[in-house]
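Colleague: sequence below, structure please.
(6 chains)
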6 protein chains.
Amino acid sequence: MKITVSRKAHFNAAHRLYRKDWTMEKNQEVFGKCNNPNFHGHNYDLTVSVTGEVDQETGYVIDTKVLSDLIKLHIEEAFDHKNLNEDVPEFFDLNPTAEHIAFVIWNKLRKVIALDKELEIKLYETPRNFVTYKGN
Amino acid sequence: MKITVSRKAHFNAAHRLYRKDWTMEKNQEVFGKCNNPNFHGHNYDLTVSVTGEVDQETGYVIDTKVLSDLIKLHIEEAFDHKNLNEDVPEFFDLNPTAEHIAFVIWNKLRKVIALDKELEIKLYETPRNFVTYKGN
Amino acid sequence: MKITVSRKAHFNAAHRLYRKDWTMEKNQEVFGKCNNPNFHGHNYDLTVSVTGEVDQETGYVIDTKVLSDLIKLHIEEAFDHKNLNEDVPEFFDLNPTAEHIAFVIWNKLRKVIALDKELEIKLYETPRNFVTYKGN
Amino acid sequence: MKITVSRKAHFNAAHRLYRKDWTMEKNQEVFGKCNNPNFHGHNYDLTVSVTGEVDQETGYVIDTKVLSDLIKLHIEEAFDHKNLNEDVPEFFDLNPTAEHIAFVIWNKLRKVIALDKELEIKLYETPRNFVTYKGN
Amino acid sequence: MKITVSRKAHFNAAHRLYRKDWTMEKNQEVFGKCNNPNFHGHNYDLTVSVTGEVDQETGYVIDTKVLSDLIKLHIEEAFDHKNLNEDVPEFFDLNPTAEHIAFVIWNKLRKVIALDKELEIKLYETPRNFVTYKGN
Amino acid sequence: MKITVSRKAHFNAAHRLYRKDWTMEKNQEVFGKCNNPNFHGHNYDLTVSVTGEVDQETGYVIDTKVLSDLIKLHIEEAFDHKNLNEDVPEFFDLNPTAEHIAFVIWNKLRKVIALDKELEIKLYETPRNFVTYKGN
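Modeller: Numbering: from 1, shown residues only, chains lettered A, B, ... in the order given. Here you go, the predicted model:
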């Protein structure tokens, strides 16, 4: 009996879309107003979903308290009230598009969630734009 | 042409997470504040999704009025304003974790929805915690 | 320059609407399914609003971190994962209708928020039912 | 590295569920109050999801600005503030159930989104009823 | 002790903004795409708020079950799945702007809610546009 | 007959809470993680409410299309995808707390909305923190 358990979390961050190896003109052409050199920001809404067998003893796939603490420790503490480009090492050389942020979050959590469980990340950059990543 | 039709519903219930066959100490260690012997409660938000071929005549996979009535009859009348542990027979010997509640709902609805249609249950225990079950 | 600062919070609790001094029949007639002797429950959503002058130094009416901590200490720790009728002294002799819960929350917070600030409580019992109390 | 990028959009429209080739009685029996000859209406909420490889250069699967413009041009301009039965050619001979509207939207967008990307349409007819179509 | 009790409700309807006594050109100039002669539609979200003294006996300002039934009988049955211009007598000679719909709802409910209670109507025409009317 | 018409809007921005005339230590003590020198950011959700007499001719207090265009021109174009501290002149010498941002928005819109109408600004900095300003 396989079930998916999901937990929502939240962080606020500044970012800027650009590539150091492109000219200012090319960055502006591709990333438009998201390329503001002074940064802009978002309230990122995150849903982490873990799929696996229900433990016969506890009736849990994963204790949502445990899942919530893992998200707090590995994601919220690393990203909340930060400038993704300037403060978060994973984005020093990786353009912080929603796609790349989801990819980084997935990889950070993949290391701390048992490998017999599937992992999916849904990340809302705004209430109208979001991305989903399952690791392949 | 296969489409998924989803309907949201809602019930309010009390519950307590514990196992009769465990000591109070073990229940407390595993289930923490969810093990309050006087119960706590939730507004459960339920989404029932039915996937199947669109009927050529009606343009429906399933009439949402019919689906809504099935949920009302089999789930809301059984669970709403109830104590899951004390009032709902399915949980007399099954710990009412969100995982198990979704499993029970899926099994109740599976009996009344045509077998050529797939069935998925999404159950929000709180606005930040939810589970999804597709029957395998 | 007067501004209102609002902070949302959340607690899950069981409750039952009834009066000890009424017969079972009268409780049932007035409170219907909310009178289930085994209790039912809700995810209560709370918005606390504080109105006052903006501090010239900080640009705050009240630091939302401070407001959030006050709500956590005085409301969430007292009510979350509790049975309001059985575990919370304020309701041992007060029927926990949404109106009365809002009244109790307002009185608890009124004691810890400076009196030159107005206080308003909005309490959602379900996503469709809520009450608002301003203290008079 | 495959990721899904989703964009929400919105249109308001009138419609009526009925088939020209059925009697008024049969239409009434099958479609009930949705068959009001004077029409009724909805705020349709649409989520368009595009799944594909992340472009190594831009870090995008698809620029959400581009996706948003495609939805505006092909769906919102065609459907918003319209009577689906009377104003939108695709429904002159197709009953505008949510299932059929999702099917029409999917087919319109499939023509303008690169074929190496998967496409999924989620359409809310009301906050409690929605359908999902992936094209097969 | 005065408290406000609010209840949310919902209806779907078609409408058209225009005045019979204006030319088509003037209607088009003032009401733009809302003047589509074939109508368009909305999911209207309604919040009805009743303010009054808490009854010492019941702990209620008004039983939300009673309030919900009044809204169902007087508003939802009259407006849901209707064409406001064609099916609802109050709008035969009154342009169904959100302002006027709120005014009509307030007047219908004012007759059935005790006059020692204040009444407020909040009506969402779309998730981004809404009006509020308190009766003066 | 006075009615309130409200319109929701949205902008994404970076900001930092600090005062140039304070030491780094004092800024850190008062503003904590909101004082990150590299900035953080938010999706700001804005509701603008205009209260006035309903125009007998049009049935409008204010055309929401007009209100939406005013918000777009004066607020969204000035604030969206900007760094409030670095890019928006109003905050060069004013700490961009939610209170101050609401105050600036109110003053910008007050100049372009007829003075016989009351104006209220509600600004969500996060889904759980918001402020309300009515101009006095």
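
Colleague: all contacts plus neighbour counts: C-alpha atoms, from now on.
Modeller: Will do.

Colleague: just the helices from chain A, written as ranges.
Modeller: In chain A, helices defined by DSSP state H lie at A:24-31, A:64-71, A:77-79, A:84-87, A:98-110, listed in chain order.

Colleague: tell me how many other residues surround residue A:122.
Modeller: 24 (other Cα atoms under 10 Å in any protein chain shown).

Colleague: for the closest residue in space to residue A:49 that isn't next to it in sequence, give me its contacts.
Modeller: Nearest non-adjacent residue to residue A:49, counting by Cα to Cα, 6 or more residues apart in numbering or on different chains: residue A:6, 4.1 Å away. By Cα atoms under 8 Å, 6 or more residues apart in numbering or on different chains, residue A:6 lies in contact with A:47, A:48, A:49, A:50, A:64, B:128, B:129, B:130, B:131.

Colleague: how close does the last one get to chain E?
Modeller: Translated: residue B:131. From residue B:131 across to chain E, the span is 26 Å (Cα to the nearest Cα, to the nearest Å).

Colleague: cool, the third one as well?
Modeller: Per Cα to the nearest Cα, residue A:49 is found 28 Å from chain E.

Colleague: now do the contacts for that residue.
Modeller: Per Cα under 8 Å, 6+ apart, neighbours of residue A:49: A:4, A:5, A:6, A:7, A:119, A:120, A:121.

Colleague: among these, name the ones in strands.
Modeller: A:4, A:5, A:6, A:7, A:119, A:120, A:121 (DSSP state E).

Colleague: between the residues you listed, which is nearest chain F?
Modeller: Nearest to chain F among those is residue A:7, at 16.5 Å by Cα to the nearest Cα.

Colleague: could you check the pLDDT of that closest one?
Modeller: The model reports residue A:7 with a pLDDT of 98.

Colleague: residue B:126 is in contact with that one, correct?
Modeller: No: the criterion here is Cα atoms under 8 Å, and residue A:7 misses it with residue B:126 at 9.6 Å.

Colleague: can you list the weak-confidence ranges in chain A?
Modeller: Scanning chain A for pLDDT under 70 picks out nothing.

Colleague: show me what from it comes close to chain B.
Modeller: Within chain A, the positions near chain B by Cα under 8 Å from any Cα of the partner chain are A:1-9, A:54, A:58-61, A:64.

Colleague: between those, which is closest to residue F:83?
Modeller: residue A:9 (24.5 Å; Cα to Cα).

Colleague: who does the residue nearest to the closest one when sequence neighbours are not counted bridge with?
Modeller: Once flanking residues are discounted, residue A:9 sits nearest to residue A:46: 5.0 Å by Cα to Cα, 6+ apart. Beta-bridge partners recorded for residue A:46 (DSSP bridges): residue A:9, residue A:123.

Colleague: residue A:46: how many residues sit nearby?
Modeller: There are 24 residues near residue A:46, going by other Cα under 10 Å.

Colleague: wait, it touches residue A:120, no?
Modeller: No: using Cα under 8 Å, residue A:46 makes no contact with residue A:120, being 10.5 Å away.

Colleague: how far away is residue A:89 from chain D?
Modeller: Distance from residue A:89 to chain D, by Cα to the nearest Cα: 17 Å.

Colleague: now do that residue against residue A:79, distance only.
Modeller: Relative to residue A:79, residue A:89 is positioned 10 Å away (Cα to Cα, to the nearest Å).

Colleague: give me the more crowded residue out of those two.
Modeller: residue A:79 (21 against 11).

Colleague: and the more buried one, how far from chain C?
Modeller: From residue A:79 to chain C the distance is 18 Å (Cα to the nearest Cα).

Colleague: still on that earlier bit, out of the contacts of residue A:49, which is most surrounded?
Modeller: Most surrounded of the contacts of residue A:49: other Cα under 10 Å gives residue A:5, at 28 neighbours.

Colleague: quick check: closest non-adjacent residue to it.
Modeller: residue B:131 (4.4 Å).

Colleague: number of residues surrounding the one you found?
Modeller: 26.

Colleague: tell me what it is bridged to.
Modeller: residue A:5, residue B:123.

Colleague: tell me the contacts of it?
Modeller: By Cα under 8 Å, 6+ apart, the neighbours of residue B:131 are A:3, A:4, A:5, A:6, B:98, B:99, B:102, B:122, B:123, B:124.

Colleague: the fourth one and chain D, how far apart?
Modeller: To tie it back to what came earlier, the one meant is residue A:6. Relative to chain D, and taking Cα to the nearest Cα, residue A:6 is found at 18 Å.

Colleague: so residue A:9 touches residue A:67, yeah?
Modeller: No: judged on Cα under 8 Å, residue A:9 makes no contact with residue A:67 at a distance of 10.3 Å.

Colleague: of these two, give the one with the bigger neighbour count.
Modeller: residue A:67 (21 against 17).

Colleague: tell me how far the residue lying closest to that one once chain neighbours are set aside lies from residue B:125.
Modeller: Closest residue in space to residue A:67, ignoring its immediate chain neighbours: residue A:7 at 7.2 Å, by Cα to Cα, 6+ apart. Separation of residue A:7 from residue B:125 (Cα to Cα) stands at 11 Å.
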